[in-house]
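Chemist: all I have is the shape, not the residue letters:
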């Protein structure tokens, strides 16, 4: 698995272990707990003013990744969470003994340094080190600098190494953090309240998905890891909290793919006295705000196609049925029988399971043939009522719902509903879905609806998918710090 041959790892580990022993024998603590930087790297660099080489000293700390031995001096670069900063260490300034000890350090060691800033002849702002200290000794070598981690599994299994040696991974994952923070600010500025709802739930409700099950010893019963945030958030609408959101983890015991991870992060937002049209405005404003404030551009390269997604342009609105009819070339598609639909879908190269209902055949065509082609921002409207039991039925076409799916880059980014608040209709739709064995009925949620829930718009945003889109990642694993992996050495199922 490792990019470093075992014999090299073993030899370097032995050498570094001997250095550790020597440090301890000399009375040096190689794992300090008392160095406190004054600035991160980028903050320190901003303090430099041309012509003021005797500026107030800065204290920085980070991992040694570059060392250039000039004989009686060293130029080195350390890495912290904001990036690199260069240090200049001179024998005359540090003294023979201290300088000799520094020369014994290894790439990967973590050090702290203090001194004023100056600009080198090549124009690089640098710390002129007056004092340094070894903070933590690295006993194992880093992956080779120019090649980084080449084993994809090691990238995810040892993410801590990936973000040290792969600048692109570090940039992408830090960008994810900024995106999530900006989403919170965006919603709080619009008077939404952030809440937390249970992860362990007695009913796996709010979506049709296979849950993870666990047993609660004290209560003596099984619980499910939530598959959706929805039903508890809508209880808060009943309670009079008109604008609520949660950014939290969902868990679905299903497959892995470029777009799917069994543990994933969702934003769900609910606004009383709104509807799916209000959610369209909200999600468009949110994403364009992220582009402006976090990315600094409204044009994002689409990794899969190599094209450009333009968020500043028009966001298309199109009905689900119109897209399916255009793909099949059959204006009468929704009047066809199951046998005709199956034959037509198989001609399109799709595999249709014999137990599928009509709407599932149509949805397979949409998800496999239509959705991948929708690269520019597209609101797909009026989905079939069988797909969303929690949404309002469309008055003009009762076979559809007041729902949209926002598709960008060939992926569903955000579904949104005009929320169903009629407890009788909601019960009927739950019972119809439960008859197919896909979901238990949450009777407590139905009881809450009977107390009265205001009309509302609700929306879910897949944070991981949004980050794939905005960071130009290839896969969902590239935007999750620690994606699910089979334990090392475990056999495949």
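Modeler: Looks like it came in fine. All values reported here derive from a predicted model rather than from experimental measurement.
Chemist: isn't residue 374 right up against residue 407?
Modeler: Yes. Look at residue 374 against residue 407 with C-beta atoms under 8 Å: they come within range, at 4.1 Å. In this view, the C-beta of every residue, glycine as well, is placed from N, C-alpha and C.
Chemist: joint contacts of the two?
Modeler: Taking C-beta atoms under 8 Å, 6 or more residues apart in numbering as the criterion, residue 374 and residue 407 both touch residue 380.
Chemist: which one's more surrounded, those two?
Modeler: residue 407 (26 against 21; other C-beta atoms under 10 Å).
Chemist: quick check: bridge partners of that one?
Modeler: residue 378, residue 412 (DSSP bridges).
Chemist: from residue 377, how far out is it?
Modeler: 8 Å (C-beta to C-beta, to the nearest Å).
Chemist: ok so residue 404 is a strand residue?
Modeler: Yes. Assessed by DSSP: H, G, I helix; E, B strand; the rest coil, residue 404 belongs to a strand.
Chemist: leaving out sequence neighbours, find the closest residue to it.
Modeler: Spatial nearest neighbour of residue 404, chain neighbours left out: residue 379 (4.6 Å); criterion: C-beta to C-beta, 6 or more residues apart in numbering.
Chemist: if I look at the one you found, how far off is residue 363?
Modeler: Taking C-beta to C-beta, one finds residue 379 at 18 Å from residue 363.
Chemist: ok, residue 380 - how many residues close by?
Modeler: Neighbour tally, residue 380, other C-beta under 10 Å: 24.
Chemist: which other residues reach the longest helix along the chain?
Modeler: Once the chain is assigned using DSSP state H, the helix that runs over the most residues is helix 167-189. Here helix 167-189 makes contact (C-beta under 8 Å, 6+ apart) with 81, 155, 162-164, 194, 245, 247, 265, 267, 269, 285-286, 289-290, 293-295, 461, 463, 466-467, 470-473, 478-479, 481.
Chemist: for PyMOL, write a command that selects the buried ones of these.
Modeler: Per 16 or more other C-beta atoms under 10 Å, the buried members of those correspond to this PyMOL selection:
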select buried, resi 155+162+163+164+245+247+265+267+269+286+290+294+295+461+463+466+467+470+471+472+473+478+479
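Chemist: cross the contacts of helix 167-189 against strands and list the overlap.
Modeler: Taking DSSP state E, the ones among those that sit in strands are 194, 245, 247, 265, 267, 269, 461.
Chemist: right, and residue 213 touches residue 222 too?
Modeler: Yes. Counting by C-beta under 8 Å, residue 222 is a contact partner of residue 213 at 5.5 Å.
Chemist: low-confidence regions, the stretch 251-400 of the chain specifically.
Modeler: For the stretch 251-400 of the chain, no stretch is flagged by pLDDT under 70.
Chemist: so where do the helices sit in it?
Modeler: Shown for the stretch 251-400 of the chain, the helices assigned by DSSP state H, counting those that start in this stretch span residues 276-290, 320-328, 338-347, 358-365.
Chemist: in TSV: those, plus distance to residue 308.
Modeler: Output for the helices of the stretch 251-400 of the chain, formatted as TSV (distance: least, C-beta to C-beta, whole Å):
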stretch	distance to residue 308
helix 276-290	15
helix 320-328	22
helix 338-347	32
helix 358-365	27
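Chemist: for residue 252, find the nearest of the ones you listed.
Modeler: helix 358-365 (17.3 Å; C-beta to C-beta).
Chemist: what angle sits between the closest one and helix 320-328?
Modeler: Relative orientation of helix 358-365 versus helix 320-328 (axes from the mean of the first three to the mean of the last three C-alpha atoms, to 10 degrees): 60 degrees.
Chemist: could you point out the longest strand in this structure?
Modeler: Every strand in the chain considered (DSSP E), the longest is strand 58-69.
Chemist: buried residues in it?
Modeler: Buried, per 16+ other C-beta under 10 Å, within strand 58-69: 58, 59, 60, 61, 62, 63, 64, 65, 67.
Chemist: dump those residues to a markdown table, plus pLDDT and distance to residue 180.
Modeler: Output for the buried residues of strand 58-69, formatted as a markdown table (pLDDT from 0 to 100; distance: C-beta to C-beta, whole Å):
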| residue | pLDDT | distance to residue 180 |
| --- | --- | --- |
| 58 | 95 | 30 |
| 59 | 97 | 30 |
| 60 | 98 | 27 |
| 61 | 98 | 26 |
| 62 | 97 | 24 |
| 63 | 97 | 25 |
| 64 | 97 | 31 |
| 65 | 95 | 27 |
| 67 | 95 | 36 |
